[in-house]
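Enquirer: Build me a structure from this.
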Amino acid sequence: MLVHWARTEGWLVFYVPQGKDWTHGGFFYRNTYSDLFDTPVLAGKVLQDFLKYNETRLQQLPCQIFEPIPLGEGTGVGMMKGADTVEMPEGSTLYDLIQTGITHSHAAVGVVVRLRKELSLVKDVPVLFAIDQYNSWFTFTEYQEPVTVRSCRSIHAKELTTVNAYRSMLHNDMMVGAFSHSTAVGKLRQELPDVPSDARLIFPRYTVDEAETVCHYYMRQKIIRRESFSEEKWKKIYYLSNGNGSEMRWLAAFI
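Expert: The predicted structure is shown next:
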């Protein structure tokens, strides 16, 4: 709801709907320059999703950093021969920057990192970073690095270049991270690195009155068929989900 509101109000929103996707699946490798792990497939998808919802606005925002962007391995093609950086020409926009990362997979991870720095410098429009499943960035990924012939070590989320660039809340930008209790990451300690001590708030589940309001909204939006809607059915959804908003939204389609 916050993301929808911000986009409606004209904000530039960098939204990660599933933080766990940044730590699971896809191609990864160790970047010998940064000693972090790059995930170029994920980086390309992140850029495409961000462009999809912000294309017009991005075409109006100029790049403010013109340092060379480091190149890494492309998806399944290794390192680029004869070049290890790419530069954005003067007059480039954030749209041009993102297109560079989408078009050239060697630059995808570097562009995602550069984008984080560029968004911090945007003053013409409010910027929001919204991360769902934020807690998955404080535990181990599914990736493993060989240590010996017979053993591997699990790679922590903070060792991924993309996560490392976006995880910290120790800045002046507007950022919201929502915890998910369905990603099986276990209970994290109260004090988290890179997160201010007073930033963590517990949001209660829906009350019965709130659930009723939400279900009537779903009916008006035709997520629930009007002829199938009844008080008995929305209460079943409420009690099945125990007031969890995401689960109620998913169950509503089955009424």
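Enquirer: Buried residues, the helix or strand harbouring residue 176. List them.
Expert: Residue 176 is part of strand 174-178, with elements assigned from DSSP states H and E. The neighbour-count check on strand 174-178 (16 or more other CB atoms under 10 Å) flags 175-177 as buried. The C-beta positions use only the backbone N, C-alpha and C, and glycine is treated the same way.
Enquirer: which of those lies closest to residue 249?
Expert: Set against residue 249, the nearest of the buried residues of strand 174-178 by CB to CB is residue 176 (18.3 Å).
Enquirer: Nearest spatial neighbour of the closest one, chain-adjacent residues omitted?
Expert: Leaving aside its sequence neighbours, residue 176 sits nearest to residue 130 (CB to CB, 6 or more residues apart in numbering; 5.0 Å).
Enquirer: Off-centre distance for the longest helix belonging to the chain?
Expert: Identified as the longest helix of the chain according to DSSP state H is helix 40-58. Relative to its parent chain, helix 40-58 has a centroid offset of 11 Å by CA atoms, centre = their mean, to the nearest Å.
Enquirer: Any stretches of this structure with poor pLDDT?
Expert: Applying pLDDT under 70 to the chain flags the ranges 181-187, 189-190.
Enquirer: Apply 80 and report the result again.
Expert: Within the chain, the stretches falling below the threshold (pLDDT under 80) are 1, 75-82, 180-192, 197-203, 255.
Enquirer: Just give the number of residues close to the residue nearest to residue 176.
Expert: 19 (other CB atoms under 10 Å).
Enquirer: For it, which three-state class applies?
Expert: Following DSSP: H, G, I helix; E, B strand; the rest coil, residue 130 is assigned to strand.
Enquirer: and it, how far is that from residue 203?
Expert: Distance check for residue 130 against residue 203: by CB to CB, to the nearest Å, it reads 14 Å.
Enquirer: How far off centre is the one helix or strand residue 217 maps to?
Expert: Counting by DSSP H and E, the element that carries residue 217 is helix 208-220. For helix 208-220, the separation from the chain centroid amounts to 28 Å (computed by CA atoms, centre = their mean).
Enquirer: same thing with stretch 148-163?
Expert: Here stretch 148-163 is found 20 Å from its chain centre; the criterion is CA atoms, centre = their mean.
Enquirer: Next, the buried residues of it.
Expert: 155-163.
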